[in-house]
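[1] Here is the input, now give the coordinates:
(chains A and B)
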There are 2 protein chains.
Amino acid sequence: MGKALIIGCGGVASVAIHKCCQNSEVFEEICIASRTVSKCDALKEKLQGTTKTKITTAQVNADNVDELIALINEVKPDVVLNLALPYQDLTIMDACLATKTHYIDTANYEPEDTAKFEYSWQWAYREKFEEAGITALLGSGFDPGVTGVFSAYALKHEFDEINYIDILDCNGGDHGYPFATNFNPEINIREVSAKGSYWEDGHWVETEPMEIKREYNFEGVGEKDMYLLHHEEIESLALNIPGIKRIRFFMTFGQSYLTHLKCLENVGMTSIEPIMYEGKEIIPLQFLKAVLPDPASLGPRTKGKTNIGCIFQGKKDGKEKTYYLYNICDHEECYKEVGSQAVAYTTGVPAMIGAMMVMTGKWNKPGVHNIEEFDPDPFMDALNKWGLPWKETHTPVLVD
Amino acid sequence: MGKALIIGCGGVASVAIHKCCQNSEVFEEICIASRTVSKCDALKEKLQGTTKTKITTAQVNADNVDELIALINEVKPDVVLNLALPYQDLTIMDACLATKTHYIDTANYEPEDTAKFEYSWQWAYREKFEEAGITALLGSGFDPGVTGVFSAYALKHEFDEINYIDILDCNGGDHGYPFATNFNPEINIREVSAKGSYWEDGHWVETEPMEIKREYNFEGVGEKDMYLLHHEEIESLALNIPGIKRIRFFMTFGQSYLTHLKCLENVGMTSIEPIMYEGKEIIPLQFLKAVLPDPASLGPRTKGKTNIGCIFQGKKDGKEKTYYLYNICDHEECYKEVGSQAVAYTTGVPAMIGAMMVMTGKWNKPGVHNIEEFDPDPFMDALNKWGLPWKETHTPVLVD
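    Here you go, the predicted structure:
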């Protein structure tokens, strides 16, 4: 079918690349590019011989638009799958515009110096992408990503109008450490210490950090505490789901995790202000990262499951209706299949599927679009086929 | 009266030196010696002009017996007051033996590479000190120290026999930080993570770390959680108090303090195993110390009181009797007086008094002795005079 240029070579990228290589009919060729080409080469070496997909690698600084343009002109991909840092979304979009190449990412742009998640920067590219006749698919991970596809699917097949969406993200994994983070602790800490917010009656309602707590009994995991957080897909779903009255996002955190994080914050170990140590400036958070288990080392030892999904409430044929779409993913099975646990797996698989949707022309709509603006059916089929089968119930327990 | 050589210039030494300078009739001259002579010089500069005591300073490596002997021969003190590290007790005792000089310390020897508190090493010097005709007074701080004097006083004046002693060490001080340590966090962590033990019916009973917890309502402080710990004075009191059936030691720790310490331990921040950080070996505990507030900075901001004492149960004239001797000390008042808060004050004042007892000849008994082996009365008078007045009650609430 075609060729993808994949930028980035971290945990999520590794899963997406494994999945592309399982899907050689679509991904006949991929080029893996990152700042550290040796990581790309190592992954290539691991996969070669197990796949019909032709793999090449390249070095690129994704902050540099000219370098990106040169790389795209050399590789000539059908799509660029951006799995680099969120700071680099705009430079990669610029390069796609200059080369008229389709663009897919998993997380919205944020400036490196502020913790401000919003789509405004990327939505500002809408007209340019339309005029160039190319598609930008934003947020093709799990949340955002599959949660938007679930919403579009529910609206298409189950409801005349959706009034309430609760997105529930549960990680029931246990890595056996008293404390460790699945990814950059800085991101974790920002999530927990940031104000929460949800969408209600046409505007944002802000909450104190971790102010709203609920218990929920997740299939495959059990009873967990979950907390209302701000999350980026709320912003686009609020625009794209007509009749919506409220959208909330909840994520599970264990009490022990929160206590450890709070204590580390209290003593100053999460600070990004450097301190002098033996004549050298050291940032406490960077040192903490070095002391904590390497997130990559958690994969082989994480047991348990994730359960992520959306509970919808709305109307069909004039009657009230509820509907819950969710996926349960097993950490150990993911690790066995692709060498990463479920947190990376549930983001990397939808990234591959999003790239496939655009490359095969199933999703082709010039402009900059969030995932729920496309026909959900082929994506829903692909989830079942490529490792994230979904489940549904019309009688979910609701979140009060 | 005479001259004291004080080895060490940390927080406790600073208090003891302030107190010697208030007591110029006894301490006509002191020499302050430590590895870092600039610290001694700074203290000398601060005190000179406020006291009749003549102050000199010297540089000495207390690990080196020959250096210590040379210093003692030069200074010719009546007593050596050892306020250096517990690792250095034996070298200083060797130097006192060689120069036939009386010796006083506040904490028992422990080898630098093991966390083993016991008197065996110092008691092994008994005959040598007897033969040399000089006195070694061990453990003249608060606990050990005043707790031994309290025990001797209770035995002398209140009881025919003491059967139970509970030593209660309460620090109700608040420095306003979520977490900080009054002294080296390594010592704190060792206390909390070590097994506890108490003396009962002629032998040690070992407990799990922090296994035995009690609540106690301390005068001047209020209700506090306290935990049974091993503590060194139990070992000597078990030998020196005839008829004793049980001795326990309890120290207060707040839940927040313990939670922070546990979390830091869990993530590896209290480890003394170096990790590689940017090509350099760094010990996590050392880095943690650098991040935490400097213990010296707590003095001016610590409010509240300490309450340390002993509850005795025994017999007098064939009747059961209880008796509680204790001292309440105010952090802010200590700081105002000597520039240190109560934790250093309650150790430094008895160190000065112990040196005074030996120097004035009130306590003169060649050999190596624990504090309860001497007549408690002049020490008890001195506590009232020099800033640690004691209180008593015959109707204390007992610890179950």
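[2] pLDDT of the helix or strand A:Ala382 falls within, averaged?
    Counting by DSSP states H and E, the element that carries A:Ala382 is helix A:377-385. Throughout helix A:377-385, pLDDT has a mean value of 98.
[3] Mind listing what's buried along it?
    For helix A:377-385, a neighbour-count test (16 or more other Cβ atoms under 10 Å in any protein chain shown) marks A:378-380, A:382-383 as buried. Quick note: C-beta positions are derived from backbone N, CA and C, even for glycine.
[4] packing partners for it?
    helix A:146-157, helix A:342-359, strand A:390-393 (3 or more Cβ pairs under 8 Å, 6 or more residues apart in numbering or on different chains; DSSP states H and E).
[5] Tell me which of these lies nearest to chain B.
    For the helices and strands packed on helix A:377-385, the distance to chain B is smallest for helix A:342-359, at 19.5 Å, taking Cβ to the nearest Cβ.
[6] Show me the strands paired with whatever helix or strand comes next after that closest one, marking each as parallel or antiparallel.
    Using DSSP H and E, the helix or strand that follows helix A:342-359 in sequence is strand A:367-370. Using DSSP bridges, the strands paired with strand A:367-370 are strand A:135-138 (parallel).
[7] quick check, distance from the partner strand to the centre of its chain.
    14 Å (Cα atoms, centre = their mean, to the nearest Å).
[8] How about stretch A:87-104?
    Using Cα atoms, centre = their mean, the offset of stretch A:87-104 from its chain centre is 18 Å.
[9] most neighbours per residue, which of the helices and strands packed on helix A:377-385?
    Among these, judged by mean count of other Cβ atoms under 10 Å in any protein chain shown, the one packed with the most neighbours on average is helix A:342-359 (a mean of 28).
[10] Now do the same for that helix: mean pLDDT, whole number.
    The model assigns helix A:342-359 a mean pLDDT of 97.
[11] Out of the helices and strands packed on helix A:377-385, which gets nearest to B:Pro242?
    Evaluated over these, closeness to B:Pro242 peaks at helix A:342-359, with 65.9 Å, by Cβ to Cβ.
[12] Can I get that closest one in PDB? Just the C-alpha atoms.
    Output in PDB follows, covering the C-alpha atoms of helix A:342-359 (Å, rounded to 0.1, in the frame of the first residue of the first chain):
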ATOM      1  CA  ALA A 342      -0.400  -1.600  28.400                       C
ATOM      2  CA  VAL A 343       0.100   2.100  29.000                       C
ATOM      3  CA  ALA A 344       2.300   2.400  25.800                       C
ATOM      4  CA  TYR A 345       0.300  -0.300  24.000                       C
ATOM      5  CA  THR A 346      -3.100   1.400  24.300                       C
ATOM      6  CA  THR A 347      -1.600   4.600  22.800                       C
ATOM      7  CA  GLY A 348       0.700   3.000  20.200                       C
ATOM      8  CA  VAL A 349      -1.900   0.700  18.500                       C
ATOM      9  CA  PRO A 350      -4.400   3.600  17.800                       C
ATOM     10  CA  ALA A 351      -1.500   5.600  16.400                       C
ATOM     11  CA  MET A 352      -0.800   2.900  13.900                       C
ATOM     12  CA  ILE A 353      -4.500   2.600  13.100                       C
ATOM     13  CA  GLY A 354      -4.900   6.300  12.600                       C
ATOM     14  CA  ALA A 355      -2.000   6.300  10.200                       C
ATOM     15  CA  MET A 356      -3.600   3.400   8.400                       C
ATOM     16  CA  MET A 357      -6.900   5.200   8.100                       C
ATOM     17  CA  VAL A 358      -5.300   8.200   6.400                       C
ATOM     18  CA  MET A 359      -2.900   6.200   4.300                       C
END
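[13] Just want the angle from that helix to helix A:146-157.
    60 degrees (axes from the mean of the first three to the mean of the last three Cα atoms, to 10 degrees).
[14] OK, contacts around the residue nearest to the spatial centre of chain A?
    Nearest residue to the geometric centre of chain A (Cα atoms, centre = their mean): A:Gly141, 3.6 Å. Going by Cβ atoms under 8 Å, 6 or more residues apart in numbering or on different chains, A:Gly141 touches A:12, A:106-107, A:346-347, A:350-351.
[15] how about the residues of chain A near chain B?
    Counting by Cβ under 8 Å from any Cβ of the partner chain, chain A comes close to chain B at A:178-179, A:259-260, A:263-264, A:266-269, A:271, A:275-277, A:280, A:282, A:284, A:287-288, A:290-292.
[16] Among those, which ones are in strands?
    A:275-277, A:280, A:282 (DSSP state E).
[17] Just give me how far the helix holding A:Ala382 sits from the chain centre.
    Distance, centroid of helix A:377-385 to centroid of chain: 17 Å (Cα atoms, centre = their mean).
[18] Can you get me the start-to-end distance on stretch A:170-179?
    Start and end residues of stretch A:170-179 are separated by 17 Å (Cα to Cα, to the nearest Å).
[19] Could you do stretch A:135-143 as well?
    20 Å.
[20] buried set for the strand or helix carrying A:Ile55?
    Using DSSP H and E, A:Ile55 falls within strand A:54-59. Neighbour-count burial for strand A:54-59, counted by 16+ other Cβ under 10 Å, picks out A:55, A:57-58.
[21] I'd like these laid out as TSV, including pLDDT.
    Listed next are these as TSV, based on pLDDT from 0 to 100:
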residue	pLDDT
A:Ile55	98
A:Thr57	98
A:Ala58	98
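[22] Please dump those residues into TSV; it should also carry distance to A:His230 for every row.
    Formatted as TSV, the buried residues of strand A:54-59 follow (distance: Cβ to Cβ, whole Å):
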residue	distance to A:His230
A:Ile55	38
A:Thr57	36
A:Ala58	36
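[23] Run through the residues that contact the closest residue to A:Thr50 other than its chain neighbours.
    Distances taken as Cβ to Cβ, 6 or more residues apart in numbering or on different chains put A:Cys21 closest to A:Thr50, at 6.8 Å, once the chain neighbours are dropped. Contacts for A:Cys21 (Cβ under 8 Å, 6+ apart) come out as A:27, A:30, A:47, A:50-51, A:53, A:55.
[24] From those, pick the one nearest chain B.
    The nearest one, if we look at the contacts of A:Cys21 relative to chain B and count by Cβ to the nearest Cβ, is A:Leu47, at 30.3 Å.
[25] residues touching that closest one, list them.
    So A:Leu47 contacts A:17-18, A:21, A:53, A:55 (Cβ under 8 Å, 6+ apart).
[26] contacting residues for the residue in the stretch 51-200 of chain A positioned nearest to chain B?
    Using Cβ to the nearest Cβ, the closest approach of the stretch 51-200 of chain A to chain B is made by A:Pro178 at 3.6 Å. Applying Cβ under 8 Å, 6+ apart to A:Pro178 gives the contacts A:256, A:260, B:263, B:266-267.
[27] got those residues as JSON lines, with pLDDT and distance to A:His369 columns?
    JSON lines is the format used below for these (pLDDT from 0 to 100; distance: Cβ to Cβ, whole Å):
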{"residue": "A:Ser256", "pLDDT": "89", "distance to A:His369": "40"}
{"residue": "A:His260", "pLDDT": "93", "distance to A:His369": "40"}
{"residue": "B:Cys263", "pLDDT": "93", "distance to A:His369": "44"}
{"residue": "B:Asn266", "pLDDT": "91", "distance to A:His369": "45"}
{"residue": "B:Val267", "pLDDT": "93", "distance to A:His369": "42"}
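[28] Now, these that are in helices?
    A:256, A:260, B:263, B:266-267 (DSSP state H).
[29] and the helix or strand bottoming out on mean pLDDT in chain A, how far from the chain's centre?
    For chain A, using mean pLDDT, DSSP states H and E, the weakest element among its helices and strands is helix A:185-193, scoring a mean of 74. In terms of Cα atoms, centre = their mean, the centre of helix A:185-193 is set 16 Å apart from its chain centre.
[30] Just the buried positions in that helix, please.
    Neighbour-count burial for helix A:185-193 [16+ other Cβ under 10 Å]: A:185-186, A:188-189, A:191-192.
[31] B:Tyr125: which of those is nearest?
    A:Pro185 (51.8 Å).
[32] and that closest one, what does it touch?
    A:270, A:285, A:288-289, A:292.
[33] can you count the residues close to the residue lying closest to A:Ser271 once chain neighbours are set aside?
    Nearest non-adjacent residue to A:Ser271, counting by Cβ to Cβ, 6+ apart: A:Pro284, 4.8 Å away. By other Cβ atoms under 10 Å in any protein chain shown, 23 other residues sit near A:Pro284.
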